[in-house]
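Asker: what's the 3D shape of this:
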Amino acid sequence: MRIVIQRVSSASVKIDLRTGSIGPGILVLLGIKDTDSEAEADFLAQKCAELRIFEDEDGKMNRSLLDTAGSALVVSQFTLYGDCRKGRRPSFIAAAPSQKAERLYEYFVSRLREQIATVETGEFGAMMQVCLVNEGPVTLILEK
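Answerer: Here you go, the predicted model:
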């Protein structure tokens, strides 16, 4: 499982007429590999909640989403497992099959919701427009 976390002052996702948005918090782009399980989702959901990437009163990154009561926007992103080493077209062979990926995506979101009060989502498999204001900028890639 691979995630890209961006610290944001705001983020939103638009799917057709539906929009989800958050204020200060994190945008999580979530890619699921064919060998992933609930164990990876558990680890990364907890890591998202506890990762100290928000500034304290001294300007140091010592606070987490839990400390700041921040929000999360989670968007599925199978292209995180795009392999561009050969040719000109990415191969997505390492990405999980859609049915498995959707189940683990929903599981990850449910585990994050157990820890964070506000979790918005995109729609699995849909064409989406994601907007964000990256704060810092702070962008991290985590993999389990």
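
Asker: pLDDT wise, what is the residue nearest the centre of the chain at?
Answerer: Geometric centre of the chain, nearest residue: residue 28, 1.8 Å, by Cα atoms, centre = their mean. At residue 28, the predicted lDDT confidence score is 98.

Asker: right, and the helix or strand after the helix or strand where it lies?
Answerer: Using DSSP states H and E, residue 28 maps to strand 25-31. Toward the C-terminus, strand 25-31 is succeeded by helix 38-50 as the next helix or strand (DSSP H and E).

Asker: Helices along this structure, start to end?
Answerer: For the chain, helices defined by DSSP state H occupy the ranges 38-50, 65-68, 98-113.

Asker: Looking at those, which is nearest to residue 78?
Answerer: Among the helices of the chain, the nearest to residue 78 by Cβ to Cβ is helix 98-113 (6.6 Å). Bear in mind the C-beta positions are built from the backbone N, C-alpha and C, glycine included.

Asker: Residue 85 is nearest to which of the helices of the chain?
Answerer: In terms of Cβ to Cβ, the element of these nearest to residue 85 is helix 98-113, at 21.9 Å.
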